[in-house]
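> Pasting a predicted model and its sequence here:
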Amino acid sequence: MPFTCRLLAAFPVAALGMALSACQSERPAAVTANRAALPTMERVALAANSCWFKSGDAAFKPYRLAPELNSFSGRPRILAVPRNSPESRPMLVVQAEGNPARLDAFGPMMSGPDGERIKRDVLRWASGASGC
């Protein structure tokens, strides 16, 4: 019996594992988030609702989330509107367009003290992260 066969006979379980791993094709690519506008804004809306509005975040306490994801214009968006006056002008608009999505965020909150944090959060959520 050749040396390699004796080694395989002595360690059949380990040899089987090595033999199988040698036969496997490349690992499948990691699953990435859908980058189209609607799925991107769905991810952003879910995370924003959880992290900004439902968490009691002081910066968002005076506002409520107004999602407008079913947009015939091809620009799904979310709005932060005054909690007690939802028909008023939004204080924050986050929207996406195209595939891959091009994001835009604007409104008075973007030029305020939380503008940079909003930008970082939106970009993180748009890329697939879900944590606060």
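In hand now; what should we look at?
> which residues in the protein form strands?
Remark: strands assigned in the chain by DSSP state E are 63-68, 77-82, 92-97, 102-106.
> What residues of the last one count as buried?
Yep, that's strand 102-106 we're talking about. By neighbour count on 16 or more other Cβ atoms under 10 Å, the buried set for strand 102-106 is 103, 105. Any C-beta I mention is one placed from the backbone N, CA and C, and that applies to glycine too.
> could you check the angle strand 92-97 makes with it?
160 degrees (axes from the mean of the first three to the mean of the last three Cα atoms, to 10 degrees).
> Sheet partners, orientation included, of strand 102-106?
If you go by DSSP bridges, strand 102-106 pairs up with strand 92-97 (antiparallel).
> which residues touch the strand it pairs with?
Strand 92-97 is contacted from outside by 37-38, 40-41, 44, 48, 63, 74-80, 102-110, 118, 122, 126, using Cβ atoms under 8 Å, 6 or more residues apart in numbering.
> Throw together a ChimeraX command that grabs the buried residues out of these.
Only the buried entries of the contacts of strand 92-97 go into this ChimeraX selection, using 16+ other Cβ under 10 Å:
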select :37,38,40,41,44,48,63,75,76,77,78,79,80,103,105,107,109,110,118,122,126
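> Low-confidence regions, this structure specifically.
Within the chain, the segments meeting pLDDT under 70 span 1-32.
> residue boundaries of the helices in it?
Counting by DSSP state H, the chain has helices at residues 3-10, 12-23, 37-48, 115-126.
> what sits opposite the nearest residue to residue 102 once chain neighbours are set aside in the beta ladder?
Of all residues not flanking residue 102 in the chain, residue 96 sits nearest, at 6.7 Å (Cβ to Cβ, 6 or more residues apart in numbering). Beta-bridge partners for residue 96, by DSSP bridges, are residue 103.
> That's all I had, so thanks and see you.
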